[in-house]
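*Asks:* 3D model of this:
(4 chains)
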Protein chains: 4
Amino acid sequence: MTSSPLLTPAAAAPATDAFLPRFRAVRHQTEALCRPLLPEDTVVQPVIDVSPPKWHLAHTTWFFETFLLTQYQPGYQVFHPDYAFLFNSYYNSLGSRVNRADRGTLSRPALHEVYAYRAHVDACMEELLLANLELPAAFAEVMELGLQHEQQHQELLVTDIKYILSTSPLAPAYLPASTDAPVAAAPPLPAARWLPVPGGVYRIGYEGEGFCFDNEQAAHEVLVPDFALQNRLVTNGEYLEFMQAGGYSDFRYWLGEGWELVQAQQWQAPLYWVQRPEGWFRFTHHGLRPLDLNAPVTHVSFYEADAYAHWQGARLPTEQEWEVVARRYRPEATTGTFLESRSFDPQPLPADADPDQCHQLLGDAWEWTYSAYHPYPGYERAPGALGEYNGKFMLNQLVLRGGSCATPESHIRLTYRNFFHPDKRWQFTGIRLAR
Amino acid sequence: MTSSPLLTPAAAAPATDAFLPRFRAVRHQTEALCRPLLPEDTVVQPVIDVSPPKWHLAHTTWFFETFLLTQYQPGYQVFHPDYAFLFNSYYNSLGSRVNRADRGTLSRPALHEVYAYRAHVDACMEELLLANLELPAAFAEVMELGLQHEQQHQELLVTDIKYILSTSPLAPAYLPASTDAPVAAAPPLPAARWLPVPGGVYRIGYEGEGFCFDNEQAAHEVLVPDFALQNRLVTNGEYLEFMQAGGYSDFRYWLGEGWELVQAQQWQAPLYWVQRPEGWFRFTHHGLRPLDLNAPVTHVSFYEADAYAHWQGARLPTEQEWEVVARRYRPEATTGTFLESRSFDPQPLPADADPDQCHQLLGDAWEWTYSAYHPYPGYERAPGALGEYNGKFMLNQLVLRGGSCATPESHIRLTYRNFFHPDKRWQFTGIRLAR
Amino acid sequence: MTSSPLLTPAAAAPATDAFLPRFRAVRHQTEALCRPLLPEDTVVQPVIDVSPPKWHLAHTTWFFETFLLTQYQPGYQVFHPDYAFLFNSYYNSLGSRVNRADRGTLSRPALHEVYAYRAHVDACMEELLLANLELPAAFAEVMELGLQHEQQHQELLVTDIKYILSTSPLAPAYLPASTDAPVAAAPPLPAARWLPVPGGVYRIGYEGEGFCFDNEQAAHEVLVPDFALQNRLVTNGEYLEFMQAGGYSDFRYWLGEGWELVQAQQWQAPLYWVQRPEGWFRFTHHGLRPLDLNAPVTHVSFYEADAYAHWQGARLPTEQEWEVVARRYRPEATTGTFLESRSFDPQPLPADADPDQCHQLLGDAWEWTYSAYHPYPGYERAPGALGEYNGKFMLNQLVLRGGSCATPESHIRLTYRNFFHPDKRWQFTGIRLAR
Amino acid sequence: MTSSPLLTPAAAAPATDAFLPRFRAVRHQTEALCRPLLPEDTVVQPVIDVSPPKWHLAHTTWFFETFLLTQYQPGYQVFHPDYAFLFNSYYNSLGSRVNRADRGTLSRPALHEVYAYRAHVDACMEELLLANLELPAAFAEVMELGLQHEQQHQELLVTDIKYILSTSPLAPAYLPASTDAPVAAAPPLPAARWLPVPGGVYRIGYEGEGFCFDNEQAAHEVLVPDFALQNRLVTNGEYLEFMQAGGYSDFRYWLGEGWELVQAQQWQAPLYWVQRPEGWFRFTHHGLRPLDLNAPVTHVSFYEADAYAHWQGARLPTEQEWEVVARRYRPEATTGTFLESRSFDPQPLPADADPDQCHQLLGDAWEWTYSAYHPYPGYERAPGALGEYNGKFMLNQLVLRGGSCATPESHIRLTYRNFFHPDKRWQFTGIRLAR
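*Replies:* Next comes the predicted model:
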């Protein structure tokens, strides 16, 4: 298999029109996610990590325009000469761009102009795909990447929208609340079970025929010690016990830089948690909602995840351990919350969930691992702009595994490596304990 | 005359319905200014000085709700309990509020909700005014202040909108460009004339029957030396000569803190000036436009105004000198650009303007004076929240006189004292030389 | 009298050796002030305002070397080619220099090298002065300025040393404590008296034959309203009442930017005040000492002085008012604490001090005025580097009058205009009330 | 063997007086390193990473006082009650302390007071050691740790002194330059050889009888791929080629956060390199010296090391690879520069160095690895204050291996794990390539 250093395409390049249904579905999904928003919601950037939805809509479009239309569509003229400056995210190869911190200062182009941009590029892409030209294998690779890239931004849209709406004291709902009965009544979940795994040499990394990101390769063998992993994620109720035991005020549980952050930011709870006289609430896509004690805790930083594990006398898994377990159990057999469920909140585990199964491996919440996001052995950055896609971020971040309730189910894999800095909390990040 | 320390009301309180026409006109004017905007434009805050138009719309409404409806309308319920937190600008007396720097992070309440807020408060205000209750004199004072306050925010709307649109490389126009012939053809303006004024004791400050702000009082006598003032504002063409003579790279013309700013900010020209191969342009409310050499220079900081004066071997006037001249000549007899002209750009002086008149005293551009914004003798802050209106800002700012092309003509007076920190450039600030 | 724009020299240039006794005395005084210090004390810069004593020793020397020896001593070679970079304070005319904030990062040249520099320059200066060459009038002007300049740095040395020693929890004494009996026993001072002054035209500014700084000129007439000034400075005891009345927690007394500072810096008392179970103490040049309730309060910012005045229903004087009073009374007849007394702490007024006299006008504490440090009418900056001495600072600062316990008595005048930003507290700054 | 989680002591606790010779030698070594300094040099903190030498002298003493004397010497009174606040580095367990960034603002206690502190603690320690009490095993553990800790600070003293002296434009020498002939004449070193290592399971981590830090344990097996390592460090000459090839201006070689740093800090060369008309120089402990092209490059950040490797088509080793090679070759058989050589500059390899040996593994320069500083499997933090020694830093830093020319030879081991953030350059950090 001739492997691109960036991604692994299918063995043979498909006819270009084979991409059409997925192209339409993915592009439509992005717009569907933005439909409940007002134009005002699509402009702001309350913190540097959160990009305006308008920017996501345009940036994903710029990707197809830049890497496909200007390359493969003869005579293609860019929609607007300034858009490359406005909507390039971080590709030095493609010239200067708006400072990331300034994305929220731009009211123009307006939302309707961005939709016009999308429509224009979509039409040109459809034309290109339908033409069924004999395009080089690289076309299929980048086409695939463009779709996966847009799916990644769908997850960011979900989390960025949540953050944007949360800044208002009005606590506006993105979607109307579902009519579920109140959550408080459920009996507590049984304690998590430890699933033991014998040490040994295991194979890690992607090696199938389908798509994967370059950072999932090369597949290789690792030596893993005897260890055990919990069979489900840590719940809100369990995390609340940590808080009530003084977890946020005892430095002994914390890494040094985490403790500094707790004090500087005056963290007292996960992001979005609000204490009221009647109990704990969380801001959700449905507005402010009572805390569901049996649902997985989310919106915790690595530091909080690690401190919680310390308090429990446990630790966080390495990404190798996680993948060994994930390959051993059948995550596809367990229910998980994904983007497609449009609940945007991890669901509690059923009380009678099989205690011998490893639950919530895929979907629900990204699981912090105590593994640095470094290259796998044999990894090499691709040449050109797409070589900037993953490789240049391989430092100072930690690997998260398993996807979340905001991840498209068709996007996630057991070998998928997500990565964030350890202080980030605006993603659906959760905790699974190892020992 | 019993004078409130905050403002000087008319001698007798008018019937409340006498306010109705002005109330309607002022409130309508604010909305008319926002009509050309898209919702997206009303949300952003590209720098801390610039507030989102949505915020201006709501804050001016909050003023009437807080200071009038909740005081004088029996049984009035606030429109929304969180709006006081969201739309209080700086009144410590009225509790905590959104950090000024975070006004641009709030997408909600949405623009249409803010308009609903305006409509609600307008209806209640009309009801109150029409009831023609026997309200205390203080009602009329605060009613008048509410109108003047909203007029001040109209000027800020104009300048904030300009800044907001300027941040996009698309250089969008707020209004379509007028069909005027190109400006470049006009012959240069004759040199400014020096108008000499004999030194002596002059009276300064407001003392009529109408409205004025508390900072224009008490009227008092000042001793002014012999001096001369130029009979018009410095033009773009004259300022360009300063630039071409190396004004921005020679520290000798600059105050120390100004020179540090020039270097730190890499200032090379007034705000909004853009150099292109075909010459100098300025960003305006009509998009990017060629520089009109005969129009008054605007968007300069005090430091630039002072450095220009140094380079010319002149100086900036004191506010006393300015007022002495303004009372001596008849500014109302000269044409000036005001908010009502909706050109939002100071107009050049006619080539044949009377050389013995002092032009552009009112309207066109705020004129930096070398006078600190300090209290006049006998000034006292009013008690209560409205005492925070002006008094607490009387340090570290400089007085500007005469209004600008964004000031309502009915709002400005010869005794009016505006004030900004010396580094500010986003207002229509200009230069008149003294010696 | 032909006046230099920078300073007013004596009518005729004296023989150069006439400067010798003062030159020796001033230079010796500087070193005497540093004698109690350890080398370690001379290096650090705990905040940007405070320069290392080593730097003061060298910078004052650099002044004579740069402005006199290299100009008037034929063939003079600079002591070290890097010293101009190291010891230039702020003269852009004289090239690049160490960032002000980095003065405390430089351990070298060592203290003994700086003393060697002083000895070298002193010897060359003595040689030049003794030669009694026919030097131009400019020489005498700059010579005088060099001496006055070094006296200014003597005051800064006193205050910077205090700050430096205060940062250590050891509270080390600069000088051994005097053997005075404990201060607490003294009976409270009688209330301050208000001295009324009739309004009218008064003359302000320096116009004698002796030396003055350029900022004290041109002398001119001002119109002053009826006002009254207190006949002594506000005491520690009176200021303590303000604190106990909640002065630091009530925004109504404060200017807006002052209130922000109070909160950001968590100010609760003047600089150097320390509360202990047994009462209030201050850090002094003699270590930690109980608060003397009858001594003038010092180390307050303009904001604190202004808030105190508000609380008292009074205000701060303008510099014109201050000078009118100072010319009317005979400050030289009252005792004041000056540098020469080497107590470095303002002394309390005797309980039987003449109630009709205006006390503590000179010495003891710099008195904040509510006057911006702006140029007097007719002021012009001198050409060349010395034109940077005063003129470029004439914005954003406030005038202080009267000198302090750290000012050389031979350096101060009734017309002397000192200036600091309103947030500064490390100088001996105090309060006198006006109304 | 009962293993402390913090460190591995010798199997049986020795008689306490057995520590005496080493205690004396280590304590003496620290003072010997400070002997060439002036008091001024011992106070300053030019950047936050660099602590004042005075602080190092006191902090290492505080360690013995706090962890041994107050625990094991009955009736011991601390030397000064404020010293715990002043000289605690980062132990939250032991209470509040001076902000790290403020260490350089404290001129007191003076250097001679710190030496008095050392003498006092040394005398008490000698008394305790000579008493040969039956102390618990924990005493020997902490005693050993105190000595190792002081050796770590010896290295920091060497690098901090270098930084401190480098800030002065005078480029003062810490020690007189040696009399070596000029370096430029040496012929270029032969190209480095690649030493291939077969992949497989290798044992990593400390497991002997002697001392090691807790972070070197537990020893465990790792699976390492086939790889090759260069047999010597990258030289100044080789790094200069990277610079001359535009290495600092081509983003493609850099990690994203590294490239941002290059631009923000305007890095053009390793720290301490200075370009002069006659060529490249480096600031050294002997002042400014011409660049020795054959000596190992030092004072590079991880980002620079990684970019250099990219440019070479190679990569940095993992710490596992490094240790496998280090155990395979006999580093003790090769010459390395250590603290004891007092040259404080890595020496060039002899031109005829054995090409089959792996040179410069120990001493000379710390070698950046592409391994995050994370806990080894089974690692647990010790309870109490000493648990803060290493464990809480195990995030966001990278492992460096092999010691440097500033490391005591008796302090370094093949399993030793040093760690720094990737932007740090003030240590003797160098590069060895892998592939």
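
*Asks:* Where does the closest residue to chain C within the stretch 301-435 of chain A sit: helix, strand or coil?
*Replies:* Across the stretch 301-435 of chain A, the shortest distance to chain C (CB to the nearest CB) belongs to A:D423, at 23.9 Å. (C-beta placed from N, C-alpha, C; glycine too.) Each residue gets one of three states, and A:D423 gets coil by DSSP: H, G, I helix; E, B strand; the rest coil.

*Asks:* Number of residues surrounding it?
*Replies:* 16 (other CB atoms under 10 Å in any protein chain shown).

*Asks:* Would you mind naming what in chain A lies close to chain D?
*Replies:* Residues of chain A that fall close to chain D, judged by CB under 8 Å from any CB of the partner chain: A:90, A:92-93, A:201, A:220-223, A:225, A:251-252, A:254-259, A:302, A:370-372, A:374-375, A:377-378, A:387-388, A:392-396, A:422.

*Asks:* among those residues, which are in reach of chain B?
*Replies:* Of these, not one also sits near chain B (CB under 8 Å from any CB).

*Asks:* Name all residues that make contact with A:P176.
*Replies:* By CB atoms under 8 Å, 6 or more residues apart in numbering or on different chains, the contact list for A:P176 reads A:H286.

*Asks:* Near chain B, which residues of chain A? Just list them.
*Replies:* A:38-46, A:54, A:80, A:82, A:85-86, A:102, A:104-111, A:164-165, A:167-170, A:172.

*Asks:* Turn the buried ones among those into a named ChimeraX selection, would you?
*Replies:* In ChimeraX, this line selects whichever of the residues of chain A next to chain B come out buried by 16 or more other CB atoms under 10 Å in any protein chain shown:
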select /A:38,39,40,41,42,43,44,45,46,54,80,86,104,105,106,107,108,109,110,111,164,165,167,168,169,170,172
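
*Asks:* which ones among the residues of chain A next to chain B are found in strands?
*Replies:* Among the residues of chain A next to chain B, none falls in strands (DSSP state E).

*Asks:* Need phi/psi at whatever residue of the stretch 1-150 of chain A ends up closest to chain C.
*Replies:* Here the residue of the stretch 1-150 of chain A nearest chain C is A:V47; by CB to the nearest CB that distance is 21.5 Å. Backbone torsions for A:V47, taken as degrees, to the nearest 10, come to phi -140, psi 160.

*Asks:* separation between A:V300 and chain B?
*Replies:* From A:V300 across to chain B, the span is 23 Å (CB to the nearest CB, to the nearest Å).

*Asks:* Would you check that that residue makes contact with A:R425?
*Replies:* Yes. At 6.4 Å, A:V300 counts as touching A:R425 under the criterion of CB atoms under 8 Å.

*Asks:* Overlap in contacts, these two.
*Replies:* A:P270, A:L271.

*Asks:* pLDDT score assigned to the closest residue to the residue of the stretch 1-150 of chain A closest to chain C other than its chain neighbours?
*Replies:* Distances taken as CB to CB, 6 or more residues apart in numbering or on different chains place A:Y163 nearest to A:V47, at 7.2 Å, with adjacent residues excluded. Note on A:Y163: pLDDT of 98.

*Asks:* same deal with A:S93?
*Replies:* 88.

*Asks:* do the same with A:H56
*Replies:* 98.

*Asks:* can you pull the contacts of it?
*Replies:* Here A:H56 is in contact with A:T30, A:H153, A:L156, A:L157, A:D160 (CB under 8 Å, 6+ apart).

*Asks:* ok but it is inside a helix, no?
*Replies:* Yes. Under three-state DSSP, A:H56 falls within a helix.

*Asks:* what's the distance between it and A:L156?
*Replies:* Using CB to CB, to the nearest Å, A:H56 is found at 6 Å from A:L156.

*Asks:* same thing with A:W426?
*Replies:* Taken as CB to CB, the span from A:W426 to A:L156 is 9 Å.

*Asks:* can you check A:A264 too?
*Replies:* 26 Å.

*Asks:* circling back to that earlier point, ok, of the contacts of A:H56, which come out buried?
*Replies:* A:T30, A:H153, A:L156, A:L157, A:D160.

*Asks:* Just name the closest of those to C:E141, please.
*Replies:* A:D160 (66.0 Å; CB to CB).

*Asks:* Would you state the predicted confidence (pLDDT) at the closest one?
*Replies:* pLDDT recorded at A:D160 is 98.

*Asks:* Give me the nearest residue to it, chain neighbours excluded.
*Replies:* Nearest non-adjacent residue to A:D160 (CB to CB, 6+ apart): A:V50, at 4.5 Å.

*Asks:* same deal with A:S341?
*Replies:* Nearest one to A:S341, counting by CB to CB, 6+ apart, is A:C405 at 7.0 Å.

*Asks:* Test my guess that that neighbour contacts A:P346.
*Replies:* Yes. With contact defined as CB under 8 Å, A:C405 reaches A:P346; the gap is 4.9 Å.

*Asks:* okay, and the common contacts of those two?
*Replies:* With CB under 8 Å, 6+ apart as the test, A:C405 and A:P346 both reach A:T337, A:G363, A:D364, A:A365, A:F428.

*Asks:* secondary structure element for the residue nearest to the last one when sequence neighbours are not counted?
*Replies:* Nearest residue to A:F428 in three dimensions, chain neighbours excluded: A:S404, at 3.7 Å (CB to CB, 6+ apart). Assignment of secondary structure by DSSP states H and E places A:S404 within no helix or strand.

*Asks:* Good, we can wrap up now.
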